[in-house]
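>>> Below are the sequence and a predicted model for it; my questions follow.
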Amino acid sequence: TQLLEQSPQFLSIQEGENLTVYCNSSSVFSSLQWYRQEPGEGPVLLVTVVTGGEVKKLKRLTFQFGDARKDSSLHITAAQPGDTGLYLCAGGRGATNKLIFGTGTLLAVQP
Amino acid sequence: DTGVSQNPRHKITKRGQNVTFRCDPISEHNRLYWYRQTLGQGPEFLTYFQNEAQLEKSRLLSDRFSAERPKGSFSTLEIQRTEQGDSAMYLCASGVGQIYGYTFGSGTRLTVV
C-alpha cells in the first residue's frame, strides 16, 4: 500500500524552466521530508517541514507542507542541469517516526 | 566522522547463500533505520533501532532477515538463504530526531543470481 503518491512520475524540462512536484496522501504525517537521490547513491536530505502550512526556501527550491499535514509540494525556480535526479518525499509516522517514502519524481533538466 | 558508511557497496551472491551487510552511523546519532529500495521505487522501511534496542520491524522483514546493533554503535543486517527477490539496494540511515532529518549511507547493492 503506497501511502504517499508523487506527481508527476517523470519530468523532462529545459534549463531555466520552473517546475512543481506534488506529494499527496490521505494520511497525516508528523513531519515531511524531501530527499534527492542520484543513481547508485543514497537519498540526500533537502529539507524537513513539521508544521502545517509551513513554507521553507532553499535557494531556488521552495517547499510547502499542507495545512492538514497530508500533502506537500516542491517548487524549483529556473531549473539547472545540476537539479537532475530522483526527488523523494517522505512522511514520518508512528512512535518510531519511520519514514514512508513516496513513489518518486525523476527529473531531467536539459541544458 | 563524515557520514553514514555502508559496506560492502556491492554484493553478488548465489541463491541460498547467506549475506551480511554493515552500517556505521554518525557517531552521535541514536536512531538507526534500515530500508530496502528496488529499481524505480522509493525506499521501504525494514527495521528501526534506538540505541541498541530494535523497536520496530516491518512485515516485509521475513524470518530470513535479522538485524542487530550491538552497544548502539554499528548495525548489521543479515539475510539467510537468499532468494532472487532479495535483490535490491539496502540503505541505512541515522539521525537524532525527525525534525533534523536523517542521513543515508550510499547503500549496499545486492544481486542474487
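Looks like it arrived, so ask away. This one's a predicted model, so the numbers in the text were calculated from it and none came from an experiment. Numbering: from 1, shown residues only, chains lettered A, B, ... in the order given.

>>> use CA for all of it now, contacts and neighbours both
Will do.

>>> At the geometric centre of chain B, which residue sits there?
B:Trp34 (3.5 Å; Cα atoms, centre = their mean).

>>> looking at it, that one is touching B:Leu91, isn't it?
Yes - between B:Trp34 and B:Leu91 a contact is recorded at 5.7 Å, counting by Cα atoms under 8 Å.

>>> what are the pairing partners of the least confident helix or strand in chain A by mean pLDDT, and which direction each?
Every helix and strand of chain A was ranked by mean pLDDT, DSSP states H and E. The lowest is strand A:98-101, at a mean of 91. According to DSSP bridges, strand A:98-101 forms sheet pairs with strand A:85-93 (antiparallel).

>>> how far does the strand it pairs with sit from the chain's center?
The chain centroid and the centroid of strand A:85-93 are separated by 5 Å under Cα atoms, centre = their mean, to the nearest Å.

>>> any low-confidence regions in chain A?
Filtered on pLDDT under 70, chain A yields the residue ranges A:1-2.

>>> Output the set of residues of it in proximity to chain B.
A:31, A:33, A:40-45, A:47-50, A:88, A:92, A:96-104 (Cα under 8 Å from any Cα of the partner chain).

>>> just the buried members of those residues?
Buried subset of the residues of chain A next to chain B (neighbour count, 16 or more other Cα atoms under 10 Å in any protein chain shown): A:31, A:33, A:41-45, A:47-50, A:88, A:92, A:96-104.

>>> In chain B, what residue comes closest to chain A?
B:Ser106 (4.4 Å; Cα to the nearest Cα).

>>> was I right about that residue contacting B:Gly3?
No - using Cα under 8 Å, B:Ser106 is not in contact with B:Gly3, being 9.7 Å away.

>>> Who has more neighbours out of these two?
Taking other Cα atoms under 10 Å in any protein chain shown, B:Ser106 and B:Gly3 do not tie; B:Ser106 has more neighbours (24 against 15).

>>> For the more buried one, give me its contacts.
With contact set as Cα atoms under 8 Å, 6 or more residues apart in numbering or on different chains, B:Ser106 has these partners: A:Gly40, A:Glu41, A:Gly42, A:Pro43, B:Val4, B:Ser5, B:Gln6, B:Arg9, B:Leu91.

>>> Give me the subset of the residues you listed lying in strands.
B:Ser5, B:Gln6, B:Leu91 (DSSP state E).

>>> Looking at neighbours, which among the residues you listed is most surrounded?
B:Leu91 (27 neighbours).

>>> how close does it sit to A:Phe101?
13 Å (Cα to Cα, to the nearest Å).

>>> Direction included, what does the helix or strand containing B:Thr111 pair up with?
Here B:Thr111 sits within strand B:108-112, counting by DSSP states H and E. Partners of strand B:108-112 in the sheet, by DSSP bridges, are strand B:10-13 (parallel), strand B:88-95 (antiparallel).

>>> Need the CA coordinates for it. PDB is fine.
Backbone C-alpha positions of strand B:108-112 (Å, rounded to 0.1, in the frame of the first residue of the first chain) are rendered in PDB as follows:
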ATOM      1  CA  THR B 108      24.700  -1.900  -0.500                       C
ATOM      2  CA  ARG B 109      23.500  -3.200  -3.800                       C
ATOM      3  CA  LEU B 110      22.700  -6.900  -3.500                       C
ATOM      4  CA  THR B 111      22.300  -9.100  -6.600                       C
ATOM      5  CA  VAL B 112      21.200 -12.700  -6.100                       C
END
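
>>> Many thanks, we can stop here.
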